[in-house]
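Peer 1: Please find the sequence and the predicted model below.
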There are 2 protein chains.
Amino acid sequence: MNTGNSSRPQLKIRRVNLDTGRENVAVISRRSKALRPEVFRGFSRVELRRNSRVLLATLLITDDDALVGPEDIGLSDPAFRRFAEPVGSLVTVTPSMPPNSLDAVRGKIQGRTLAASEIAEIVNDLTHFRYSDMEIAAFLISFASFTTSDELLALAQAMAQAGTQLKWNKPIVVDKHCIGGIPGNRTSMVVVPIVAAHGLTIPKTSSRAITSPAGTADTMEVLARVDLGVEEMKEVVSACHGCLVWGGHVNLAPADDILISVERALSLDTREQMVASILSKKLAAGSTHLLIDLPVGPAAKLTNANEAMRLRKLFEFVGDHFGISIEVITTDGRQPIGSGIGPVLEAQDVMAVLSNDPSAPPDLREKSLRLAAHLLEYDPELRGGTGYARARHLLDSGAALKQMQKIIDAQGPSVCRTDLGTLTIDVPAPGDGVVSAIDCLRLNRLARTAGAPIDKGAGIRIFKKIGDRVEKGEPLYRIYSLDHSEHGLVAAAAKSNAGYLIDGQRRGETEL
Amino acid sequence: MNTGNSSRPQLKIRRVNLDTGRENVAVISRRSKALRPEVFRGFSRVELRRNSRVLLATLLITDDDALVGPEDIGLSDPAFRRFAEPVGSLVTVTPSMPPNSLDAVRGKIQGRTLAASEIAEIVNDLTHFRYSDMEIAAFLISFASFTTSDELLALAQAMAQAGTQLKWNKPIVVDKHCIGGIPGNRTSMVVVPIVAAHGLTIPKTSSRAITSPAGTADTMEVLARVDLGVEEMKEVVSACHGCLVWGGHVNLAPADDILISVERALSLDTREQMVASILSKKLAAGSTHLLIDLPVGPAAKLTNANEAMRLRKLFEFVGDHFGISIEVITTDGRQPIGSGIGPVLEAQDVMAVLSNDPSAPPDLREKSLRLAAHLLEYDPELRGGTGYARARHLLDSGAALKQMQKIIDAQGPSVCRTDLGTLTIDVPAPGDGVVSAIDCLRLNRLARTAGAPIDKGAGIRIFKKIGDRVEKGEPLYRIYSLDHSEHGLVAAAAKSNAGYLIDGQRRGETEL
């Protein structure tokens, strides 16, 4: 197996049809001709080299020649894609040392403060998929126990610089961002057309849902294509002043996406990581003026005004450092915004607001107008204090709807299935009274169990909000599914806990 | 697919021939009939249930029906073994919530001190393979940043109680433990027969090598069977007063083995974790008197007397709490002990010392006598201060050798290949001078590259130690391999850095 000029063992690349997510995984035979699998046993890592290409991968072992024979090395889907060498190529495989930057992570675990150069090296290794999941977890947790101001700045900067960096050649590039957690809160899709109709540049990139029933990108996808590349995105913004695209394809701050996926898996949520994550994306996106929406409520990410203030200060500190003009506002996070939860239902809400449909949810309209007003005030041409009136004019006159149509046309038609689920369940009030609380987390989970965001047409339509009077048996909301097994699951889940509190009594605690 | 009485989707168990180490891994089809794989995408975890059995597993996705079809769920080797349900059985598969105890880990990350009950719950979940690798890393790192005394005690106790707990019905059960890192340091195999020949009970369980070229269990395996179960071990100890078996089969403090494997993968090494790890094993093994050997040297785990003292205090604190009589001694860790590194070579050293062979390594003999002397002093019948003389008598008289033969016979004959490697390289001195330093880490790595401990007969025989005069070209040590590719690798590695410093000049820095 050895080539003449190398004493290193070589193996033939083969594909193994396994989707292993963000982690590179390689498979070798227990009877491998060139590698002694026992030496690497137990999720050790190996380094694959061919010409100048290098890939670090976690190793699994098999006895099945049909999967990977003794002369082969099998690459899982993501590893194969990232290594990008053809099947049958010979590669050198050696036990891999962990990336050097892991020394800094260990230092951090032991209480050392890291230099900006060390943080940049870590982010660079993360971006190139050199960290195993365990190593990513080690980094996140070392930063979760304490992060200095300088470390936070270095992290945000390093993440912003590792990936695409957009430039717009405009003095003002506005953006808005919500820290999430509130179902149905699709304000961006109303705000962007209003602001773009006014003529300010608002190149909005959004995420897809990771643990929620819909991200803005998932909902926008019901109306238009969202997986635009950098050049396509620039064309849309040039033609329409704004866009509503998925950030994943544009590759802004890719290290952040890797960190977020592990953070979610561990349910870690630290303020510093959140600020670094959001601001690195905005820095990379070339924003100059940024509005941050912090919903506060009992089941929101922030549960009181004090927490919101601490987070606001952190955003302001980092924003000031990088010269981004930041405004942070707190909003009502006690209940869902709008009536729909799930991509199709949320898209219906958005289009109803933009069309001035009388049945459009007033809370989504009001919140969007308020956010748009803040952004419009960034325009030096606009008389101070007139932002709200201007936003309302652009909405009421149909200019925002027209702008949305223009953006949709520029991005291209939606290619996904967008019909609403036909399997429905109406969840009834357990007794007479007034809705006193709605559990956002619970509704998110129910909508997800119903099939959202994978099934665009799955989700929840809300009939009753906080303060509404209900009679026993009257429907609180309707659940939509496309799939029978999910329909069964969500029916059982809603029955055990519907997430509504009526007159001080939690519905889930009563028998139906 | 759904059964009449359950709305939960069910899938058929199938084996997937993949060794995934300590992590449970399950594979489903992207076209799965009962599960929506996209919902679980990206290393999420699922819960498998059949009757009262539950298994948490990390999920991978495939498009290959030959691997796992739409109606199946594939279980990797360890997951299949642990779930222990036959191929073809129907199981319920649902997205899994992380174990509840992970809330405590998150609390710890945020700086909270954990209660003993929380730590016990974590250890219980670890023992039942409910933690993913990422989650194990999170736990370890949260404890690495700070561990209170109470947390340390709770951790040691919980680990000791989760697994086999041995009872001996003897007032004195002695044990020794070395924190490791020194090549060739096989004192246990000399100490146990001496102490057992005297009549004290010394039921020694040892580990296999994880990152070193040999653990005591690997070396003992050259002479006898070591994978004894609890009952077999008890019989050997009853017949011989002592044993030298592999701890893995006895299942003492299994959570510790899981933690260690992740710790090693991350190269984390904290004093608290080490003390909890060692003492939990000794508590579970029923030891009453314990001698801890702390080698100190520039390439040892402890590099100065101050570090050693801090570690000693921690051992004493925890030992006192649990009523184990602990003595901690520091020893010379500047260079290997004995002349052999690797299972067969080390076993030869041990048998030479026990046989009073004139060519036996004097350092291994002296260190073993010193350790045995300390242990013998625990015998109330023995006059104070006569431990060393007693140990030497037992060794010189052949009583220790006879006891070793008895232990070997009781444990049963070795079943592994025990011939010495026939591919050898002599590594020469680069110039005339005196050996001034030997890099233990380097020799460990070279012996491992040569094939140890997988190839029992691979390793290093040392000819020159610190203080020895050498002439240019004279062999410093000989490397043994059984396999051509490893022979080539280790030859190149020894050439680039031999790990010896002669007269103040590191050999690796000169040209050969």
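Peer 2: Here it is on my side, so go on. Numbering: from 1, shown residues only, chains lettered A, B, ... in the order given.

Peer 1: Give the burial count for the residue nearest to A:S188 when sequence neighbours are not counted, as a bare number.
Peer 2: Once flanking residues are discounted, A:S188 sits nearest to A:T216: 5.0 Å by Cβ to Cβ, 6 or more residues apart in numbering or on different chains. Glycine gets a C-beta too; all of them are placed from N, C-alpha and C. Residues near A:T216, counting by other Cβ atoms under 10 Å in any protein chain shown, number 29.

Peer 1: correct me, but A:T216 touches A:S207?
Peer 2: Yes. Using Cβ atoms under 8 Å, A:T216 makes contact with A:S207 at a distance of 7.3 Å.

Peer 1: ok, so what distance separates the residue nearest to A:S188 from chain B?
Peer 2: To chain B, A:T216 is 19 Å away according to Cβ to the nearest Cβ, to the nearest Å.

Peer 1: Phi, psi for that residue please.
Peer 2: Phi and psi for A:T216, reported as degrees, to the nearest 10, are phi -60, psi -40.

Peer 1: Could you pull up the residues touching it?
Peer 2: A:186, A:188-189, A:204, A:206-207, A:244 (Cβ atoms under 8 Å, 6 or more residues apart in numbering or on different chains).

Peer 1: what's the nearest residue to the most centrally placed residue in chain A if we skip its chain neighbours?
Peer 2: Nearest residue to the geometric centre of chain A (Cα atoms, centre = their mean): A:S207, 3.9 Å. Of all residues not flanking A:S207 in the chain, A:G215 sits nearest, at 4.7 Å (Cβ to Cβ, 6+ apart).

Peer 1: count of neighbours near that neighbour?
Peer 2: A:G215 has 21 nearby residues by other Cβ under 10 Å.

Peer 1: do A:V87 as well
Peer 2: 11.

Peer 1: Filter the contacts of A:T216 down to the ones in helices?
Peer 2: Among these, DSSP state H puts A:188-189 in helices.

Peer 1: and the contacts of A:T216, which are buried?
Peer 2: Burial by neighbour count, 16 or more other Cβ atoms under 10 Å in any protein chain shown: within these this picks out A:186, A:188-189, A:204, A:206-207, A:244.

Peer 1: now, which of those residues sits nearest chain B?
Peer 2: Checking the buried ones among the contacts of A:T216 against chain B by Cβ to the nearest Cβ gives A:S207 as the nearest, at 13.8 Å.

Peer 1: my read: that closest one touches A:A217, true?
Peer 2: Yes. A:S207 lies in contact with A:A217 (Cβ under 8 Å); the separation is 6.0 Å.

Peer 1: between the two, what contacts are shared?
Peer 2: What both A:S207 and A:A217 touch, as defined by Cβ under 8 Å, 6+ apart, is the set A:246-248.

Peer 1: count of neighbours near A:D468?
Peer 2: By other Cβ under 10 Å, 15 other residues sit near A:D468.

Peer 1: ugh, wrong one, A:R370
Peer 2: The local packing of A:R370 (other Cβ under 10 Å) involves 17 other residues.

Peer 1: So for it, what's the nearest residue that isn't a sequence neighbour?
Peer 2: A:Y388 (7.1 Å).

Peer 1: after the helix or strand containing the one you found comes which helix or strand?
Peer 2: Using DSSP states H and E, the element containing A:Y388 is helix A:387-396. The first helix or strand that comes after helix A:387-396 along the chain, using DSSP H and E, is helix A:399-411.

Peer 1: quick one: buried residues of that following helix?
Peer 2: For helix A:399-411, by 16+ other Cβ under 10 Å, it's A:399-401, A:403-404, A:406-408, A:410-411.

Peer 1: for the following helix or strand past it, the distance to its chain's centre please.
Peer 2: The C-terminal neighbour of helix A:399-411 among helices and strands, as given by DSSP H and E, is strand A:423-428. Chain-centre distance of strand A:423-428: 29 Å, with Cα atoms, centre = their mean, to the nearest Å.

Peer 1: do strand A:423-428 and chain B meet?
Peer 2: No. Applying Cβ under 8 Å from any Cβ of the partner chain, one finds that strand A:423-428 is not in contact with chain B, the shortest distance being 12.6 Å.

Peer 1: Provide a list of residues in contact with the residue nearest to A:S207.
Peer 2: A:206-209, A:453 are the contacts of A:G215 under Cβ under 8 Å, 6+ apart.

Peer 1: mind running it again at 7 Å?
Peer 2: A:206-209 (Cβ atoms under 7 Å, 6 or more residues apart in numbering or on different chains).

Peer 1: Quick one: low-confidence residue ranges for the stretch 401-512 of chain A.
Peer 2: Counting by pLDDT under 70, the low-confidence segments of the stretch 401-512 of chain A come to A:504-512.

Peer 1: And the residue in it positioned nearest to chain B, how far from B:T148?
Peer 2: Proximity of the stretch 401-512 of chain A to chain B (Cβ to the nearest Cβ) peaks at A:G488, 3.3 Å away. Applying Cβ to Cβ, to the nearest Å, the value for A:G488 to B:T148 is 47 Å.

Peer 1: And those two? Which one has more around it.
Peer 2: A:G488 (18 against 12).

Peer 1: My assumption is that that one lies in a helix; please confirm.
Peer 2: Yes. When DSSP: H, G, I helix; E, B strand; the rest coil is applied, A:G488 is found to be in a helix.

Peer 1: Would you map out the domains in chain A?
Peer 2: Domain assignment for chain A by automatic domain parsing gives A:10-95, A:102-146, A:174-252+A:264-411, A:423-509.

Peer 1: okay, the contacts of A:G215 in TSV with pLDDT and distance to B:H128 next?
Peer 2: Supplementary listing: the contacts of A:G215 in TSV, determined by pLDDT from 0 to 100; distance: Cβ to Cβ, whole Å:
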residue	pLDDT	distance to B:H128
A:S206	93	40
A:S207	88	35
A:R208	86	34
A:A209	85	31
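
Peer 1: Out of these, name the ones that lie in strands.
Peer 2: Among the contacts of A:G215, the members found in strands (DSSP state E) are A:S206.
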